[in-house]
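Asks: Pasted the sequence and its predicted model underneath.
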Amino acid sequence: MTPRKILRDFFGYDKFRGGQEALITRILQGGDVLGIMPTGAGKSICYQVPALMLPGMTVVVSPLISLMQDQVTALRESGIAAACLHGNLSTEEYFATLDAIRAGQVCLLYAAPERLLTDAFLSLADYVQISLVAVDEAHCLSQWGQDFRPHYLEIADYLSRLPQRPVVAAFTATATAAVREDIRRLLRLRDPLELVTGFDRENLRWIVEQPQKKYDALLRILREHKGKSGIIYCLTRKLTDEVCEKLRKDGFSCVNYHAGLSPEVRAANQDAFIRDEVPLITATNAFGMGIDKSNVSFVVHYNMPKSMEAYYQEAGRAGRDGMPADCILLYSAQDIRLNQFLIDRDDTENDLMTPEQRAAVREKDHARLNAMVRYCTLTDCLRHYILRYFGEESPLHCGNCGSCLSDTETVDATVDAQKILSCVYRMDQRGLHGGVRLVCDTLQAKETAQTTKLRLSSLSTYGIMQETPRKQLEQMVNILISRGYLHVASGQFPTLELTTKSHPVLRGRETVEMALPKHQPKKKTLDSVPDFAGDEALFERLKKVRSRLAAKEYVPAYIIFNNATLQAMCEQMPLSAAEMLDVPGVSRHKMEKYGDAFLQAIRDYQTGS
């Protein structure tokens, strides 16, 4: 069989997406690959298609049990012999899986990295040829990545202990140049084909808000996305529980998810969300890696994450079906302090790291946090900032982010910038250091416990911006931070410091222009149903058929068919098996298993039944 025939028969698509075919071809030729592809770009196809063509078995290294189970369920629904080995299997399930592998009945095997060097796992190579090892979420290899996992460093040792080195394929959605170099080096990739397909997700709208009351802003967002499926990320377990409880009291159907819950509760809540039994989930960053729920229409970050990598990965769980989706970040200055605290006290897997490694990770975490702060305080194009961060060129104006949708006017703000920078300079002369709030309080002569205690009223800059609206003043300070004129120093409290870029402005050698919004960003809310050429009533009918089948099979609805496939059915209106097979996403296996139910629904709709 050819790769394209496998794609058609097992996955239901006629053509590959960008980059997939080149990576698959290189793997089949026996070469290593490194694929950097955004969430939803189809990384898994790049190793699943070769796995069906290569002899023996493909091992997929994956970091989370939920990710493994999700992938295996989807593959089995497509008629592919897949399995996983993890600690949550019963003794009976575990040995049954081992027996199936030894009998050559498993094509794709998913496993966590900590299981690779166990005697039982290593012995599998005595029974079956391992032709390909695919490393998913490969950024976990690098201590410069946002999700370093020391057990990933054992993958190279596993490869060296196999009777014959297999082809190695590494994939991730988020990797800077430094992280990519680490992946190549630590996996010992041999002349890999490195392919970066681009980080842009055109269907996602990026928005940052700085509301006075976050919960009120969240309620507004949920009303704007009524009936839609969404994730609300919170920085701590406590906040995750509090926001969930508030939403329930306000009449929203919501579950929560974090590592402090029992495994049974976590699994039940995740299943309820994935199966569309509840539309909303509040969660820490413990939720979501590898979750392939395609109909998430919005992701809200109730707090600023600690890195752009983490934010891009978490926000990227929206719009995986290609439909328009919103990624909204609710930012406050307090988020900086909370993230700094979490970075400094993070001891996750530190027992596996040397003191030097721990120090290096913390230093890099603080640098990434500063990049995240700059994103949150931007008035320039948010999409451009994200793409530039990952090393990709893009237009300066995307037309589909909070900044580009704002009604702004560009003004010469040099004098205001000098006042702000001078205030930070005067405070520093006295050995005083303050954050955004204290600097703004000083500039506006606001009498607070801190300004009084520190006797800031004696500064020459005290009260020189009393006429400037507070929100605009804070925005100008944040713009100076985002452009590198001010640096947010880490410590017990986030404080502002001048940078080398500050001096030309203070000396009048450089002008500063700022695009300041005239009012709140124009909101383009999503409709209650997808905007497409097909019939909306038929779409709802097909969703009901899908829900019924999903409940019967006890799998998430998107495993049957995702929204994009249902949309294509509405547009193409197939009336026969042959026509149904022309619908993107309908494989031969799924046609045989589910096709008649959807064909009948379409016929009934056409006849008015």
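Replies: Looks like it arrived, so ask away.
Asks: Walking through the stretch 401-550 of the chain, point out its helices one by one.
Replies: With helices called from DSSP state H, counting those that start in this stretch, the stretch 401-550 of the chain shows them at 414-429, 436-443, 449-453, 470-482, 502-506, 536-553.
Asks: list the buried ones in the fourth one?
Replies: Within helix 470-482, the residues that qualify as buried are 473, 474, 475, 476, 477, 478, 479, 480, 481, 482, counting by 16 or more other Cβ atoms under 10 Å. (C-beta placed from N, C-alpha, C; glycine too.)
Asks: ok, back up a step: select, out of the helices of the stretch 401-550 of the chain, the one closest to residue 185.
Replies: Of all these, it is helix 470-482 that lies closest to residue 185, at 32.8 Å by Cβ to Cβ.
Asks: what about the chain, any weak spots by pLDDT?
Replies: Across the chain, the ranges flagged by pLDDT under 70 are 66, 144-146, 288-292, 346-353, 490-492, 517-534.
Asks: Outline the domain layout of it.
Replies: According to automatic domain parsing, the chain is divided into the following domains: 3-196, 204-389, 408-517, 536-607.
Asks: would you list the buried residues of helix 470-482 in CSV and tack on distance to residue 231?
Replies: Listed next are the buried residues of helix 470-482 as CSV, based on distance: Cβ to Cβ, whole Å:
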residue, distance to residue 231
473, 33
474, 28
475, 28
476, 32
477, 30
478, 26
479, 29
480, 32
481, 28
482, 26
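Asks: still on that earlier bit, so which of the helices of the stretch 401-550 of the chain comes closest to residue 311?
Replies: helix 470-482 (14.9 Å).
Asks: for that closest one, packing partners?
Replies: Packing contacts for helix 470-482, counted by 3 or more Cβ pairs under 8 Å, 6 or more residues apart in numbering; DSSP states H and E, involve helix 355-376, helix 414-429, helix 436-443, strand 486-489, strand 513-517.
Asks: residues making contact with it?
Replies: Identification of contacts with helix 470-482 by Cβ atoms under 8 Å, 6 or more residues apart in numbering yields 210, 373-380, 413, 416-417, 420-421, 436, 439-440, 443-444, 465, 468, 486-488, 496, 512, 514, 516-517.
Asks: Any quick ChimeraX command for the buried ones out of these?
Replies: This is how ChimeraX selects the buried members of the contacts of helix 470-482, with burial counted by 16+ other Cβ under 10 Å:
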select :210,373,374,375,376,377,378,379,380,413,416,417,420,421,436,439,440,443,444,465,468,486,487,488,496,512,514,516,517
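Asks: Beta-bridge partners for residue 134, please?
Replies: Bridge pairing for residue 134 (DSSP bridges) gives the partners residue 60, residue 169.
Asks: what about residue 502, distance to residue 421?
Replies: According to Cβ to Cβ, to the nearest Å, residue 502 stands 5 Å off from residue 421.
Asks: got any residues that touch both of the two?
Replies: Taking Cβ under 8 Å, 6+ apart as the criterion, residue 502 and residue 421 both touch 485, 486.
Asks: quick revisit: make CSV from the helices and strands packed on helix 470-482 and add distance to residue 573 to it.
Replies: Below are the helices and strands packed on helix 470-482 laid out as CSV (distance: least, Cβ to Cβ, whole Å):
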stretch, distance to residue 573
helix 355-376, 44
helix 414-429, 60
helix 436-443, 57
strand 486-489, 56
strand 513-517, 45
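Asks: Figure out which of these is closest to residue 557.
Replies: When the helices and strands packed on helix 470-482 are compared for distance to residue 557 using Cβ to Cβ, the nearest one is helix 355-376, at 33.5 Å.
Asks: Number of residues surrounding residue 265?
Replies: Residues lying near residue 265 (other Cβ atoms under 10 Å) number 14.
Asks: next one: residue 554
Replies: Residue 554 has 9 neighbours, counted by other Cβ under 10 Å.
Asks: before we move on, what about residue 249?
Replies: Per other Cβ under 10 Å, the neighbour tally for residue 249 reads 8.
Asks: and it, how far is that from residue 216?
Replies: Per Cβ to Cβ, residue 249 is found 14 Å from residue 216.
Asks: if we can go back for a sec, can you redo the helices of the stretch 401-550 of the chain as JSON lines with distance to residue 23?
Replies: As requested, these are exported to JSON lines (distance: least, Cβ to Cβ, whole Å):
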{"stretch": "helix 414-429", "distance to residue 23": "47"}
{"stretch": "helix 436-443", "distance to residue 23": "45"}
{"stretch": "helix 449-453", "distance to residue 23": "56"}
{"stretch": "helix 470-482", "distance to residue 23": "36"}
{"stretch": "helix 502-506", "distance to residue 23": "46"}
{"stretch": "helix 536-553", "distance to residue 23": "31"}
